[in-house]
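1. Curious how this folds, go ahead:
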Amino acid sequence: MDKLSTTTDSREQQQDSLYDAGLKSLVKSLQIVFIFLVIIIIGMLLRFLTLEGYFHVKKSQEAVIVLRFGKYVNTFDKGWHWFLPYPVHQFIRFKTNRQILKVNFLPVRRPGPPGQPQQGRPLVPGQDYYLITGGANIIHTEWVINYKIIDPKAYFENTSWPKNPMDADEIEKGDIPGTRGPQTMLRAFLHDAVIKVTGSMKVDAILTQQKLVYKNKVLDVLSKNLKKMNCGIEIIDLDLNNVAPPVSTRGAFTAVTNAGTAASALIDKAKEYKVREENTVQTKVAQINADATVYKTVVVSQSKADSVYFDSIYKEYKKNPDTVLMALYNNTLSEVLDKIDQKYIIGGSKSKQEVRIKINPELIKEKNQDLN
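-> Numbering: from 1, shown residues only. Purely as a prediction, here's the structure:
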C-alpha cells in the first residue's frame, strides 16, 4: 500500500509539473502576442496620426477638397498638407488640368442584311443619332470639348459625381439604365446646345457658309448653361471635327455645294473685274485731272505773261502811238512772211511805189534737200 500511494503521489507531482510548465508556456505566448498587438496598435496609431493624414497636391494638375465630417473645409491646389484622417477628414481629389470629351451625332453601327453596306442604311429614330436643321434637313456632326475645372468647390457641390471624381462616371441600374457623373452632365449640356442651335440654322449655312458661326453659337449656349448652373467648369475650346449630311444624300449635297462654289468663284471673278476696271477708270480720271491742272497752269501763266506784255505795249503806245503801231506792224509782217516761200513786197511812199520779186526762191531749198 505504501508503495502504491508513493507511486500515485509521484504521478500527481509529474502531472502538476507538466501543468505548470504548460501554463507558463501559455502565459509566455500570451505575453508575446500582447506585446505584438501593442506594437501593431502603436504603429497604427502612429500611422493614423502621421502618414494617413498627409497628402500631396500636384500643382496645375489636380486639386484636393478637405471635408470634416462631410462638410467643406478648404481647397488645396499645391504642396503637402496634413489633417486628421478618415473618419474625421475626407480628402477628395479632382483633375484641374485640360480634359477632353468627345460627343457625336452619328448613326449607330449595327448588323444588317448580308451584302448591304453599313453606310447608307436608313436611319432608325430612337437608335441612330442625327440632327434636324431649321429647314427640316438631317445632318451628322462630331464634337470635341476641351475643358478644365476652375472651381473645385462649385464642381463638388453642384455636380453629380462618383465617389472618386478621378474615376469614370458611375453606371446606374434601374428603370432607365445610364451613367451618372460630370461627363454625363457635360455631354447632356452639349447635346442640348447643339440641338437648339442646329434647329435655328439652315443646312447650307451649317455645311458651307457659316461653319464657324455655327460652332461659336453652340459654344456660347453651352458656356451660358454651365455658368448658369455654376458647375465650376470652364470650356477652353470646342472643336467641330466633322459636319456632313447622311450618306444616302451626300451626292446631292455635294452637287449643291459644287454649284455654290462655282457661283462664288464667278462672283469673285466679277468682283475682281469690277475692282480692276474701277482702278483703270480712277487712273484715267487722275491722268485727266493732272493734264487739266497742267493745262490750267500753262494757260494762266501765258495769260499773265500776255497781260504783262500788253500792259508794257500799252504804256509805250501812250507815249508814242505811231512808233508802236509801226513796230507791231513790222513784227506781224515778219512773222507772216517767214511762213511764205514766194514773197512779194510792196512798199514806198504815196508818190512812188516799188514791187520787188524774189526770183527762184525754191532753188536753195532744193539744193539743201539734195545735200540732205
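2. any idea of the mean pLDDT for the top helix by length along the chain?
-> Using DSSP state H to define each element, the chain has its longest helix at helix 250-319. Predicted confidence along helix 250-319 averages 86 (mean pLDDT).
3. Give me the helices and strands touching it, please.
-> Of the remaining helices and strands, those touching helix 250-319 by 3 or more C-beta pairs under 8 Å, 6 or more residues apart in numbering; DSSP states H and E are helix 321-337. (C-beta placed from N, C-alpha, C; glycine too.)
4. Tell me what angle the longest helix of the chain forms with helix 321-337.
-> Direction vectors for helix 250-319 and helix 321-337, defined by axes from the mean of the first three to the mean of the last three C-alpha atoms, to 10 degrees, enclose an angle of 140 degrees.
5. what kind of secondary structure is Thr75 in?
-> Of the three states, Thr75 takes strand according to DSSP: H, G, I helix; E, B strand; the rest coil.
6. bridging residues for it?
-> Ile65 (DSSP bridges).
7. Distance from the longest helix of the chain to the middle of the chain?
-> Between the mean C-alpha point of helix 250-319 and the mean C-alpha point of its chain there is a distance of 42 Å (C-alpha atoms, centre = their mean, to the nearest Å).
8. So Val124 versus Val247, what's the distance?
-> Using C-beta to C-beta, to the nearest Å, we find Val124 at a distance of 14 Å from Val247.
9. who has more neighbours, the two?
-> The neighbour count for Val124 versus Val247, taken as other C-beta atoms under 10 Å, is higher for Val247 (15 against 10).
10. for the record, mean pLDDT for the one helix or strand Ile42 maps to?
-> Element membership for Ile42, per DSSP states H and E: helix 2-49. The average of the pLDDT scores along helix 2-49 is 71.
11. Which helix or strand lies directly C-terminal to it?
-> Once helix 2-49 ends, the next helix or strand along the chain (criterion: DSSP H and E) is strand 54-57.
12. Mind giving me the packing neighbours of that following strand?
-> With contacts defined as 3+ C-beta pairs under 8 Å, 6+ apart, the secondary structure elements packing on strand 54-57 are strand 62-68, strand 79-82.
13. Would you mind finding the most buried of these?
-> Highest mean neighbour count of the helices and strands packed on strand 54-57: strand 62-68, a mean of 19 (counted as mean count of other C-beta atoms under 10 Å).
14. can you list the residues that contact it?
-> The set of residues that contact strand 62-68 without belonging to it, under C-beta atoms under 8 Å, 6 or more residues apart in numbering, is 55, 57, 72-77, 81, 83, 88-97, 149, 152-153, 156.
15. thinking again about what came up before, just put the helices and strands packed on strand 54-57 in a markdown table and tack on mean pLDDT and distance to Thr283.
-> Converted to a markdown table, these look like this (pLDDT from 0 to 100; distance: least, C-beta to C-beta, whole Å):
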| stretch | mean pLDDT | distance to Thr283 |
| --- | --- | --- |
| strand 62-68 | 87 | 66 |
| strand 79-82 | 83 | 71 |
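16. Show me the protein divided up by domain.
-> Per automatic domain parsing, the domain ranges recorded for the chain read 2-49, 55-94, 102-109+124-170+178-245.
17. Pick out the shakiest of these, pLDDT-wise.
-> The stretch with the lowest mean pLDDT among the domains of the chain is domain 2-49, which comes in at a mean of 71.
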